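Engineer: 3D, please:
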Amino acid sequence: MSLMSTNSLSEDMRLAKLMADMNVDIFVESSLLNIDASKAPWAARLQGMRADLGAALVLKVRYLNALKSFANAEPQVIYGVAEQLYRRNRFFEEREHDLANGVVLDDLIYSPHVESLWIRRAMNRQLHAVYLPAEILCMIFERFLANIWEISDRDLGQSSMNKETGYESLLVISKVCSDWRNVSLGMKPFWSRINLNWVTEALVAFAERAEGTPLHIEVGNPPELSWRLRFPNDDDNDETFDLMTWILIDSESIRSAKTFNLHFTTETRMPPNDPLTELLSRIWDLEPLPLESISLIDATRKEATSLGGKAFSNLPKIRQIFLDGFQYPDSVDLPPLHDLASFHFRMTHNNGPPLTLPSLRRFLSCTPNIEELILENIVDVSTSSDTSSDMDFQIVLSRCRKLVISLSLGLSPQQLFSTIMFPHIEALTISCKKVLMQNAFLPFEHLPSYVRDITGPCKTLEIKGDQYIMSAKYYIEDPADGGLGSAVCSLTSSRMGGPVDDDDLTEEDFLPDIHPVIGSILCSLPPADPTSLIIHQSFTRHPYGHPSVGGWKALFVAYPSVTKLDMGALKKTFTTNWMKALADVSIFPQLERLNIRGDNVDIKELKKTLISRKSKGFFLQMLHLWDTTSSAQSNERAIPSTCVNEFFTNWASIKEFVTNGASIKEL
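Structural biologist: Residues are numbered from 1 along each chain as shown. You can find the predicted model right below:
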């Protein structure tokens, strides 16, 4: 294309690509006359040459088109018409001369001349992306902004958005071109999310440009209160919270906010006069607010922070509440929160006021439509201070689908479920504290029928633990090689400490001649018919020793549909007994795959077990033997075997796994 071309831009770009191909063809015909250019390495090189040369010529066509548009544009009265025409003609002639003399195109495009800025804008307008509908561009920009905020949300306390200039990362999108800048900065959602640590001018500008759009307000560790930067004085403390109060309360930003996130981590030094509680109290004193989500985290002190009086009482539209490091809200005068769907309460310091069952009931009686209830690391969920007025009716949360709760010694699951019902629960996690680990799962013996309904269809049962903690997890799916998903039911019992005391045990507490943990599994866990059974560390250093062969048989017989057995981290004496139990082909008649993890496996006993099953027509399809202590545990390899169809291990000492006598060739 020349400066005098009358073709359309698309036609000139098509001709430029053809010209690039012609130039490469001429090079092939002249310089590669006796070379087969259809084979490596020339084929790939020529393909790259065609693409690169085509892109270069297309860029030149776009530049020439923009230059021609510049020459034909109506003059703007800036220097006077005559002055502007003179400058334009001179610029046009200079560029024509530069192109004819081989000046690098990028140097022309990005030259410091004012006219070059006009040329670059004209070239940007040639791109199809610029002509996308504004609605599509807005969707793209919103996704860009959401990604920045999502990264910040993962660790708001340490986020770069907490800096005074944190807003600058949002403005990057406005630097692409003037057209995109006009669209992006014209979006109200662009301005609707703010961080209270930004400079005041930025906060005011963002809030004004939001123009009534619901705000999303957040604040992480204020730089002025950071331990890492310097030791702040009391004046800094007062000024920081005075500014927060002014922005939230006096400027009325909170009155149009949709979300409010406040996260202070251990990197922050809080003042002793508890201004955070005072700030929250002032928020609760405002007229009803449109907040839909609130997240409050305070990890700056050992004591749980008070929320102040009337917490959440003026949030009729609230849907999500997350509290970490705060006291449980006082619900005595709390109005019904009909829209609340998720309540997540975490107490991390173990020294806050105890959460009693009546307090929990009072709060839940105000949240009839809650769908997710998570109570983590609770200090003490107890029945203390029970009164007839607090406990004389049963609360039914028919919409709750997920429950995560930690129970103290004073409250059993049976007591909890007798006073609060979750009839349509789909995911359940319960943690109990119990001193006697030999009856580890006894607290879960009388779970309501709707809990048994979610464990019944589960295909995987995982039992893990040691002398201090035991857990049983139920999964809907079979475990893939990549691991399991989330358990639909998780039951955990932990020992508070001190010696194991069995003085209170009787013969009725566990089955005769069976290890008490196995007896607890069989008697207390909700029923399931899994196809995958996982047992890890469950009897390590247990005061009652390792289960007998009969004990293992009693456990295995309870799950006849198992096709995959995963055993791990057990002592060698433990593995011997369960392998002897497995030699009985009435145990797991459908077993196809066996996974064994650990470095204390009785290899000879394993071989005897597999030979015994094979001789009776029960041939194992796959065996995995992993030494989890090995530095090369990822270097798993196939081993020749006549005991199983496929055998994989990372044990360097094992070379063969054969049935001739008792030989296992090892280094």
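Engineer: Quick check: chain neighbours aside, which residue is closest to Ala257?
Structural biologist: Leu215 (4.4 Å; CB to CB, 6 or more residues apart in numbering). Yep, even glycine has a C-beta here, placed from its N, CA and C like the rest.
Engineer: Report how many residues lie close to the one you found.
Structural biologist: 22 (other CB atoms under 10 Å).
Engineer: ok, it touching Ser251?
Structural biologist: No: using CB atoms under 8 Å, Leu215 makes no contact with Ser251, being 10.8 Å away.
Engineer: Need the overlap of contacts for those two.
Structural biologist: Ala207 (CB atoms under 8 Å, 6 or more residues apart in numbering).
Engineer: How about the contacts made by the residue nearest to Ala257?
Structural biologist: Contacts of Leu215 by CB under 8 Å, 6+ apart are 192-194, 207, 253, 256-258.
Engineer: which among these end up buried?
Structural biologist: Among the contacts of Leu215, the ones that count as buried by 16 or more other CB atoms under 10 Å are 192-194, 207, 253, 256-258.
Engineer: pLDDT check: weakest of these?
Structural biologist: Of all the buried ones among the contacts of Leu215, Ser253 has the smallest pLDDT value, namely 74.
Engineer: which SS class is Phe92?
Structural biologist: Under DSSP: H, G, I helix; E, B strand; the rest coil, Phe92 falls in the helix class.
Engineer: re the thing from before, what about the residue nearest to Ala257, distance to Leu196?
Structural biologist: Distance from Leu215 to Leu196, counting by CB to CB, to the nearest Å: 11 Å.
Engineer: Show me what the longest helix along the chain is packed against.
Structural biologist: Longest helix of the chain, by residue count under DSSP state H: helix 42-72. Under the contact criterion of 3 or more CB pairs under 8 Å, 6 or more residues apart in numbering; DSSP states H and E, helix 42-72 touches helix 9-31, helix 81-100, helix 105-109, helix 114-124.
Engineer: And those helices: which comes nearest Thr305?
Structural biologist: helix 114-124 (51.5 Å; CB to CB).
Engineer: buried residues in that closest one?
Structural biologist: 115-116, 118-120, 122-124.
Engineer: Now do the strand or helix carrying Asp153: distance to the chain's middle.
Structural biologist: Following DSSP states H and E, one finds Asp153 within helix 134-154. Centroid separation for helix 134-154 versus its chain: 18 Å, with CA atoms, centre = their mean, to the nearest Å.
Engineer: mind exporting the strand or helix carrying Val451 as PDB, just the C-alpha atoms?
Structural biologist: Assessed by DSSP H and E, Val451 sits inside helix 449-455. What follows is helix 449-455, C-alpha atoms only, in PDB (Å, rounded to 0.1, in the frame of the first residue of the first chain):
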ATOM      1  CA  SER A 449     -32.200 -40.500  61.100                       C
ATOM      2  CA  TYR A 450     -31.600 -37.700  58.600                       C
ATOM      3  CA  VAL A 451     -27.800 -37.900  59.300                       C
ATOM      4  CA  ARG A 452     -27.900 -41.600  58.500                       C
ATOM      5  CA  ASP A 453     -29.700 -40.700  55.300                       C
ATOM      6  CA  ILE A 454     -26.600 -38.800  54.100                       C
ATOM      7  CA  THR A 455     -24.100 -41.500  55.100                       C
END
